[in-house]
Structure formats: C-alpha cells, structure tokens
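J.: Test case, fold it:
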Amino acid sequence: MVRNRQFDERYLAFGAEILKLLPQLPQNKVGAHVGDQLFRSGASVGAHLQEARGAESRADFVHKMSMALKEAREARYWLALTERAKILPGEAMGGLLREAGEMVAILSQSVITAKARAAAAQTSNQTR
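T.: A predicted model of the protein is given here:
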C-alpha cells in the first residue's frame, strides 16, 4: 500500500506542477493551445490511475491504465515541444520533461504487466 501512496503522490505532484506551469505560458495563440493540451493531458494522468484503482474487471483495469499511459505520453510530447520551440526557458519547466519520461516508462511496464496477468488469468479460467 505504501508503494501505491508513493505513486499517487508522484502523479498528483506532476499534475500540480503542470498547473503551476500553465500561467507562465505566453498569452498568445501558441501559449493558449499548448496550455490547453498540457492542462488536459498532464492533469489527467493521476485521475486515470485513480479510476484504475476502482476498476470493475481486469480488462477495465488494463484499459484505464492504458489511458493513463496515453495521457502521460501526450503530456511528454507537449512538454518536449514547448522546450524545443523555446516557448519557456528550461528552468521554468523544471524537471517536468524528465518526470514525464519516467512516468511513461513506469506506466508502460505497468500496462505490460497488467496485460500479462489478465491473459494468464483468462488462460487459467479456460483450462478449468
């Protein structure tokens, strides 16, 4: 359970850092678009993980974890684009891009594990 709380805190902190970053974006069309995309994707990773905790089945759990992964990948993309286009200085972004990459790696492995367990359970149920 401690591990879950640590991950919950990490994903919550990521979402909070995204929210703190948004007001620093330029007040123009580019800043508005990037801000909308980051707001939607970056702030929803943790929400999808919370939904996965309440999954109604193994398949539902895998689906919700996959959605969290999708959003983390998208947030990583928008952070990388922001950095590449020099929309914000690197210092303003802190370690968000690195953290997004680590979250993608963690979630990718979690989805792989969850899919393998779901497949094993299905195989086990079929052989009974």
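J.: residues in contact with G90?
T.: E83 (C-beta atoms under 8 Å, 6 or more residues apart in numbering). Where you see a C-beta, it was placed from the backbone N, CA and C, and this is true even at glycine.
J.: And the next helix or strand past the lowest-mean-pLDDT helix or strand in the chain?
T.: For the chain, counting by mean pLDDT, DSSP states H and E, helix 90-93 ranks last in confidence among helices and strands (a mean of 81). Moving toward the C-terminus from helix 90-93, the next helix or strand (DSSP states H and E) is helix 96-126.
J.: Closest to the centroid, which residue in this structure?
T.: By C-alpha atoms, centre = their mean, the chain has its centre lying nearest to A72, at 2.9 Å.
J.: quick one: pLDDT of that residue?
T.: Listed pLDDT for A72 reads 98.
J.: which parts of the helix or strand hosting it are buried?
T.: Using DSSP H and E, the element containing A72 is helix 58-84. For helix 58-84, burial by neighbour count (16 or more other C-beta atoms under 10 Å) applies to 58, 61-76, 78-79, 82-83.
J.: what residues does stretch 29-38 touch?
T.: Counting by C-beta under 8 Å, 6+ apart, I18, L21, L22, L25, E74, A75, W78, L79, L81, T82, A85, I87 sit against stretch 29-38.
J.: Who are the packing partners of the strand or helix carrying the second one?
T.: I take that to be L21. Using DSSP H and E, L21 sits in helix 2-21. Applying 3 or more C-beta pairs under 8 Å, 6 or more residues apart in numbering; DSSP states H and E, we find helix 2-21 packed against helix 29-42, helix 45-53, helix 96-126.
J.: Going by neighbour count, list what's buried in the second one.
T.: By neighbour count on 16+ other C-beta under 10 Å, the buried set for helix 45-53 is V45, G46, A47, H48, L49, E51, A52.
J.: With the longest one instead?
T.: The neighbour-count criterion (16+ other C-beta under 10 Å) identifies 96-97, 99-101, 103-104, 106-107, 110-111, 114-115 as the buried residues of helix 96-126.
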